[in-house]
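[1] here is a sequence together with a model predicted from it:
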Amino acid sequence: IGIGGIGISAIARFLHEKGHKISGSDIKESKTTLELQNEGIEVITPHCKEAIKDQEFVVYSAAIKEDNIELVEARKKGIKCFSRKEILPYVLEDKCVFAVAGAHGKSTTSAMLASLIEGSVIIGAISKQFGSNMRYAKSDNVVFEADESDSSFLNSNPYLAIVTNAEPEHMEHYDYDLAKFYAAYKGFLERAKVRVINAEDEFLSTLKLDAIRLYPSSDITELTMVVRDYQPYTSFNLKNLGKFEAFGMGEHIAIDASLAILAAMHETPLKDIRENLLNFKGIKKRFDILSANKNFVLIDDYAHHPTEIKATLKSVFEYAKILGINSVTAIFQPHRYTRLSTNLPGFKECFKGVDELVILPVYAAGENPIEVDMKSEFSEYNPIFTDKVERVEEGIEFTDEFGVKNRLSDGIVVGFGAGDISVQLRGGY
């Protein structure tokens, strides 16, 4: 139930490939539900109780509420029902799991690791290398993106655990208790035989566990960014292991790649790692270049937290400099009222350096509204407000709050958000 979601669709694909008969449902048709149907999975939209027949068990995504018509029907019929979190031990049993967690960078690090080691892959993003959030291989190895938002990473049965960083996020799940939040990360790491951590993270630096530690400020040297045919690349030296190059732009790309390299060294010779890393082609919605010419570049980015937006913009400014482009416009769709209000000071700060800021309505993701006066809070940017943006040919068009039609078709335009901004920027799904 909720099979169109990025996390649960990967699990559905994995179990389907494993030989299970999978069906699913979602609130509406989407690119993912259509792809799943093409792969041989029956998908019903919208939710209806007829979707519940004689299944052995039901798995539901975190977005599904207790009163969902199908969940109610399944329970009435006595069918076992599992949340995504609860089904993980079954999905990952008997596997050698390379689990990647962290507030930021876990999808990129997971997809990079997937390019470095043989095995199946279950991640929360579309890797451009294999065009999916799941790759199936007849292997004991599984690269798995482990989620802290609902503490499901504690059920991921890790052989090897990577933590990119442990910045507090999704605190509502941890009752806004930092001790409980950090204890979950510690528990995740303690479950693994091999641990790889960013040792300059504020919390991770305090841990006394046995671990392979990356100290980015001293271990990563000679950081260089280049652009080839409008595509971004970052090269760097890692410890005494020599030079590597990864798709993407910025210091955070070098950090993610370094963590993946240090993890893969348990499985793969260094020479192969260096070559295989070149197969990583980025992931959808992360510094995702939708259109590019010498005057205009349109980028879609999933960043929805101030730390992520700041890191991506730093890369965008570097990218602009290399291309000789002078203006950067950010389109911001806040994701969740709780995140916006909790991190408001960070959001107000993170857009520094942009030439223009366009703000869309908050994408609620099912939350109740929390009042934030966006106009006064973001007044230093003199932002433009609009209900939606539209892709027209190569440019972006929108009507502002005063009814004036605007077109963005020069400079760099980058959209930020985890809601439906990606669909708006792409002009469809």
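    Thanks, I have the structure now.

[2] dump the residue contacts of Glu93.
    Counting by C-beta atoms under 8 Å, 6 or more residues apart in numbering, Glu93 makes contact with Asn157. For every residue, glycine as well, the C-beta is placed using N, CA and C.

[3] so the residue nearest to Phe82 when sequence neighbours are not counted is in which element?
    Distances taken as C-beta to C-beta, 6 or more residues apart in numbering place Val59 nearest to Phe82, at 5.2 Å, with adjacent residues excluded. Taking DSSP states H and E as the definition, one finds Val59 inside strand 57-60.

[4] ok so, going back, now the residue nearest to Phe82: how far from Ile79?
    11 Å (C-beta to C-beta, to the nearest Å).

[5] ok, those two, which is more surrounded?
    Neighbour count, other C-beta atoms under 10 Å: between Val59 and Ile79, Val59 has more, with 26 against 16.

[6] and that one, how far from Gly4?
    Taking C-beta to C-beta, one finds Val59 at 13 Å from Gly4.

[7] in this protein, which spans are helices?
    All helices of the chain, identified by DSSP state H, fall at 6-17, 31-38, 69-76, 84-92, 106-116, 178-190, 216-219, 251-264, 270-276, 306-323, 337-342, 344-350, 374-377, 421-426.

[8] so which bits of stretch 344-352 are buried?
    When burial is assessed from 16 or more other C-beta atoms under 10 Å, stretch 344-352 yields the following buried residues: Leu344, Phe347, Cys350, Phe351.

[9] so who does Val297 touch?
    Tyr230, Ile289, Ser291, Tyr319, Leu323, Ile325, Gly411, Ile412, Val413.

[10] would you mind confirming that the fifth one is in contact with Phe296?
    The reference is to Leu323. No: taking contacts as C-beta atoms under 8 Å, Leu323 lies outside contact range of Phe296: 10.4 Å.

[11] burial of the residue nearest to Ala364 when sequence neighbours are not counted, as a residue count?
    Once flanking residues are discounted, Ala364 sits nearest to Tyr337: 6.4 Å by C-beta to C-beta, 6+ apart. Per other C-beta under 10 Å, the neighbour tally for Tyr337 reads 18.

[12] who's in contact with Tyr337?
    Val362, Ala364, Glu367, Asn368, Pro369, Ile370, Val372.

[13] give me that answer again for 7 Å
    Val362, Ala364, Glu367, Pro369, Ile370 (C-beta atoms under 7 Å, 6 or more residues apart in numbering).

[14] by neighbour count, which of those residues wins?
    Val362 (21 neighbours).

[15] please report how far that one lies from Asp420.
    For Val362, the distance to Asp420 - C-beta to C-beta - is 12 Å.

[16] and Glu29, how far from Tyr302?
    22 Å.

[17] again with Ser315
    14 Å.

[18] remind me which residues of the chain are low pLDDT?
    429 (pLDDT under 70).

[19] tell me, what residue is most central in it?
    Ser107 (4.8 Å; C-alpha atoms, centre = their mean).

[20] just give the closest residue to that residue, not the sequence neighbours.
    Ala125 (3.9 Å).
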